[in-house]
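Student: This is a predicted model, with the sequence first.
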Amino acid sequence: MVKVVIANLKKVQLDREVVRSLDGVSDQAVLMDWHDVSWDELGEHDVFVPASLLDSIVNDQAFIYHELSLYPFFQEIKARIIEDGSPSGVFRFRRVVDEAVNSAIITSDLCVLESIFGQPGNLVLKRSNEDVVPHHVILMVQYKKVIAHIEYTFSGDESIQIEWSGALKMIEFHSDERTSLKPGGNKLPLSYRIDSILTHSKKYELVIGTFNTYQKQIEMGG
């Protein structure tokens, strides 16, 4: 059985074979661009799919991954936020997405933030006119001890900016600079590894409930 990792090839480190078809494939894990997916061909193979494609998945046995949680810089930021115990502060998140408007990207990110701050008590969403480019979406999310200001722009080159103003520390990161949070650290790419996908993906049934809850809130405007 082959492990088929479906991904945006612009975001993943290409350290595995990239295939368009599974004919003759013998590797234990291969990479397939999300534009080349044929669900019928995948059959009984283990399939790993980004949560941003959940709306199109026809295989409820798939393994789902949240892209934001796989970035090395985000894993480091998460560790620093929670290392002092229950987070308390203000979280600012700005993301430019090189895709058409896709609310599933926002939903996936909210699932990731829940793993840091817990379930939100209130969510307010505002969006610009979708007929006007670029399209913007802004969310204000109230967690137990955290207020989050989250912005999306669906146009242009991919970038992520994060600011954390906590009771005990402050963190700033911008992917355009792509430098480690540690002084003198190496540059960090805006990409993630296939091994990280295989490690952190969860079964569809463990993801879909939380995902659908946030998706409905976004569709209703908060």
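Tutor: Perfect, I can see it now. Numbering: from 1, shown residues only.
Student: give me the element N212 is part of.
Tutor: N212 is located in helix 204-219, with elements delineated by DSSP states H and E.
Student: and stretch 200-212, which residues are buried?
Tutor: Residues of stretch 200-212 classed as buried: H200, S201, Y204, V207, I208, T210, F211 (neighbour count, 16 or more other CB atoms under 10 Å). Any C-beta I mention is one placed from the backbone N, CA and C, and that applies to glycine too.
Student: just curious, which of those is nearest to H135?
Tutor: F211 (21.5 Å; CB to CB).
Student: in this structure, which ranges drop under the pLDDT threshold?
Tutor: For the chain, applying pLDDT under 70 flags the ranges 27, 58, 178-189, 222.
Student: Break it into its domains for me.
Tutor: Following automatic domain parsing, the chain resolves into domains at 3-65, 67-192+205-219.
Student: Quick check: the residue of the chain most remote from its centre vs F48, distance?
Tutor: Distance from the C-alpha centroid of the chain, by CA atoms, centre = their mean, peaks at G24 (31.5 Å). According to CB to CB, to the nearest Å, G24 and F48 sit 20 Å apart.
Student: Quick check: V5 is in a strand.
Tutor: Yes: looking at V5 with DSSP: H, G, I helix; E, B strand; the rest coil, it is inside a strand.
Student: Surely it touches D33?
Tutor: No: with contact defined as CB atoms under 8 Å, V5 does not count as touching D33 (10.3 Å).
Student: These two: who's more crowded?
Tutor: More crowded of V5 and D33, by other CB atoms under 10 Å: V5, with 24 against 15.
Student: What are the boundaries of the helices in this structure?
Tutor: 39-42, 67-70, 72-82, 103-117, 194-200, 204-219 (DSSP state H).
Student: Around the closest residue to S21 other than its chain neighbours, count how many other residues there are.
Tutor: With sequence-adjacent residues excluded and distances taken as CB to CB, 6 or more residues apart in numbering, S21 is closest to E41, at 6.8 Å. By the criterion of other CB under 10 Å, E41 has 14 neighbours.
Student: try V12
Tutor: Neighbours around V12, by other CB under 10 Å: 23.
Student: same check, this time on the one 3 residues further on
Tutor: When counting by other CB under 10 Å, one arrives at 9 neighbours for D15.
Student: In contact with it: list those residues for me.
Tutor: Neighbour list for D15: R193, I194, D195 [criterion: CB atoms under 8 Å, 6 or more residues apart in numbering].
Student: and the second one, how far is that from N59?
Tutor: The span separating I194 from N59 equals 19 Å under the rule CB to CB.
Student: higher neighbour count, those two?
Tutor: I194 (20 against 14).
Student: That one contacts V30, correct?
Tutor: No: with contact defined as CB under 8 Å, I194 does not reach V30; the gap is 9.3 Å.
Student: Give me the common contacts of these two.
Tutor: Common neighbours of I194 and V30, counting by CB under 8 Å, 6+ apart, are V5, R16.
Student: How about the contacts made by F63?
Tutor: D46, V47, F48, V49, S201, K202, K203, Y204.
Student: Which strand residues bridge it?
Tutor: Taking DSSP bridges as the rule, F63 bridges to F48, K203.
Student: what's in contact with stretch 190-201?
Tutor: Here stretch 190-201 has contacts from 3, 5, 7, 11-13, 15-16, 29, 31, 48, 63-67, 69-72, 158-160, 175, 178, using CB under 8 Å, 6+ apart.
Student: Having no further points to raise, I will conclude here.
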